[in-house]
Every structure is written in structure tokens, then in C-alpha cells.
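Visitor: got a sequence here, can you model it:
(one chain, ligands or ions: 1)
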Amino acid sequence: MDLGFALTCSGNCESISAANHKLNTNAIAVYTSQKKNKFIAPALFTILGLIFLIFGFIENNPVFGLTVISGLCFFVFGIALFVIQGRLMKKINV
Ligand SMILES: [Zn+2]
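Guide: Here you go, the predicted structure:
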């Protein structure tokens, strides 16, 4: 059978091949979008962390209260995410 994107036997192989084709098409769409937007989440966490840290240091007494500790967590997590996303998306070729 000629499915347009593949030649298969008729019957079960047609649906298997069609499903594989759809999976690949969807995967390409997801990977393309993820690669393009790979730094959105890290940027959000890092910026939130900085905002919390700045506000914490300006307004908090004592300094190591909830705001500063949260800010520190957000910031460190954001930086870690930058590294993780950068490495992961480098391996993905779309
Ligand atoms: Zn077959």
C-alpha cells in the first residue's frame, strides 16, 4: 500500500505505519517548540529568584527569612535549569 509517506503491506501494517508517522510528526512539533523556548522556564525561575532576593534584602528583618530563602531556592533552581535545558536541547536535532 502507498500511504503517501510509506509503502506498506495492506491491513495491519497500514495502521502501524500511519501511527508511527503521526508520532514522528508530533514529536518534531514538540521538539521544535521546546528547542525554541528552552530558556523560558529557567528565565522565569531566575528572575523570580532575583526579585525575591532583592525584596527580601530590602524589606526583611531578619534577612534570612522566608523571602530570601525562597529567592535563593528559585535562583539556584533557575541556574540549574539553564544548564540542564542547554545540555538537553543541544542533543536534540530537529
Ligand atoms: Zn507488513
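Visitor: quick one, what contacts Ala6?
Guide: Listed by Cβ atoms under 8 Å, 6 or more residues apart in numbering, the contact set of Ala6 reads 17, 21. Every residue, glycine included, has its C-beta placed from N, CA and C.
Visitor: now it: how far from Val94?
Guide: Ala6 sits 20 Å away from Val94 when distances are taken as Cβ to Cβ, to the nearest Å.
Visitor: same question, Lys38
Guide: For Lys38, the distance to Val94 - Cβ to Cβ - is 12 Å.
Visitor: who has more neighbours out of the two?
Guide: Each of Lys38 and Val94 has its neighbours counted (other Cβ atoms under 10 Å); Lys38 has more, 19 against 13.
Visitor: I'd assumed Gly86 was in contact with that one.
Guide: Yes - here Lys38 reaches Gly86: they are 7.1 Å apart, a contact under Cβ atoms under 8 Å.
Visitor: name the nearest residue to Leu7, sequence neighbours excluded.
Guide: Met1 (6.9 Å; Cβ to Cβ, 6 or more residues apart in numbering).
Visitor: that neighbour and Ser15 touch, don't they?
Guide: No - look at Met1 against Ser15 with Cβ under 8 Å: they stay out of range, at 10.6 Å.
Visitor: backbone phi and psi for Gly4, please?
Guide: Dihedral pair for Gly4: phi 100, psi -40, per degrees, to the nearest 10.
Visitor: what about it, neighbour count?
Guide: Quick note: Gly4 (other Cβ under 10 Å) scores 8 neighbours.
Visitor: what's the answer for Asp2, then?
Guide: 7.
Visitor: that one: what's it in contact with?
Guide: Per Cβ under 8 Å, 6+ apart, neighbours of Asp2: none.
Visitor: separation between it and Val63?
Guide: Taking Cβ to Cβ, one finds Asp2 at 70 Å from Val63.
Visitor: do the same with Leu7
Guide: 69 Å.
Visitor: same check, this time on Gly71
Guide: 11 Å.
Visitor: more neighbours, those two?
Guide: Gly71 (21 against 9).
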